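A.B. asks: Predicted model follows, preceded by the sequence.
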Amino acid sequence: MSDKPWQPPKVWTWEKQGGTWGSINRPVAGPTHERTLPVGKHPLQLYSMGTPNGQKVTILLEELLALGETGAEYDAHLIRIGEGDQFSSGFVEVNPNSKIPALMDHSVNPPVRVFESGAILLYLAEKFGHFLPKDHAKRTETLNWLFWLQGSAPYLGGGFGHFWHYAPEKIEYAINRFAMETKRQLDVLDRQLADHRYIAGDEYTIADIAIWPWYGALGLGGMYDAAEFLDVASYQHFQRWVREVNDRPAVQRGRKVNRTWGDASEQLPERHDASDFDALSDK
C-alpha cells in the first residue's frame, strides 16, 4: 500500500464499494429486475420500509386515522432496500429515483403516484385537510420547516450516520465534519423549541411529523448509538419536544410499520388493516 494520499482520477469510474450499502448502490438509474408491485384492498398503497423517511408517512397516516379519516386507510408493503427491492421495475414506475417511501393513490382516476417523503406528507395533508394550517403565515412557517428537514436530514443520515455507523472505516475528517453540522442542526431545533411548543408554532403539523423520525430517534438515543457522542441530552427544549411527540399513540403505531429490526413487539413488517397492530401485543 502506498503512503501517498489518494488523488482523484481525471474521470471517475465506478467500482463496487464496501460497507452496508456499497454492494447495492450504483451510478445509474432504472430497474435491475422485473417485478410487479402488490396492490392491497385500500385506495392508498404505500411501498416503504420503517426507516426515518418511511416513518414520516406511516405516522401521518396513523394520525389521520386517529382523527376519523377513514379514507386514509392504507396497505403498507415492505420494500427491503438492503435486498434491492427498490430497483424492481414496479417500484421504479412509482419512483424513478428508487428511494422509499413511494405512494400510489387509487382513490382518483387515473391513480396518482407520489414520491419523496416530503411531497407525500404535503399531498396527504392537503388531501385530508389536517396538519397543515389554513392561515397563510402559519402554513408558510410549516412549509419552511418541512423543507428545512428535506435539506437537513441528508447531513444526519447520509453524512454523519454513514461515516459514523455504516462506512467500512472511521474517517476522522468526515465524522468531525458531519458531527459539527448535526450539532448545529440540533441547536437550530433547540432554539426554535425554546419559544414554541411544536416546530412551527403551537400547532402539531407535518413539520413535526417530518422532523421527528430523524431527530426524535436521535434524541431517544436509538439512532446510530450516537446520542452520547453528540451530547444530545444537553438540548433541553429539543428533548422536551422529543418526549411529547413520542407519547402520541399514532406516532408509536407509525414507527412500527414496515419495521423488520429491534424488539419483536415493535415490528409490523406489513400493515393491511388497523387490527394488524393487535397481534404485536402478544409478542
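C.D. replies: Good, I have the coordinates. Residues are numbered from 1 along each chain as shown.
A.B. asks: residue boundaries of the helices in the stretch 101-250 of the chain?
C.D. replies: 117-128, 136-154, 172-194, 206-211, 217-219, 236-246, 249-254 (DSSP state H, counting those that start in this stretch).
A.B. asks: Pick the most buried one from those.
C.D. replies: Across the helices of the stretch 101-250 of the chain, averaging neighbours per residue (mean count of other C-beta atoms under 10 Å) puts helix 206-211 on top, at a mean of 28. Placement of C-beta: from N, CA and C, glycine included.
A.B. asks: From the chain's centroid, how far away is that one?
C.D. replies: Distance of helix 206-211 from its chain centroid, counting by C-alpha atoms, centre = their mean, to the nearest Å, is 10 Å.
A.B. asks: low-scoring stretches of this protein, by residue?
C.D. replies: 1-2, 19-20, 282-283 (pLDDT under 70).
A.B. asks: State whether residue 77 is indeed within a helix.
C.D. replies: No - read with DSSP: H, G, I helix; E, B strand; the rest coil, residue 77 is strand and lies in no helix.
A.B. asks: show me the contacts for it.
C.D. replies: Applying C-beta atoms under 8 Å, 6 or more residues apart in numbering to residue 77 gives the contacts 37, 38, 40, 45, 46, 47, 48, 270.
A.B. asks: quick one on the thing from earlier: pipe the helices of the stretch 101-250 of the chain into CSV and attach distance to residue 164 per row.
C.D. replies: Compiled in CSV, the helices of the stretch 101-250 of the chain are given as follows (distance: least, C-beta to C-beta, whole Å):
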stretch, distance to residue 164
helix 117-128, 22
helix 136-154, 14
helix 172-194, 6
helix 206-211, 20
helix 217-219, 11
helix 236-246, 19
helix 249-254, 25
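A.B. asks: Among the contacts of residue 77, name the buried ones.
C.D. replies: Buried residues within these, counting neighbours by 16 or more other C-beta atoms under 10 Å: 37, 40, 45, 46, 47, 48.
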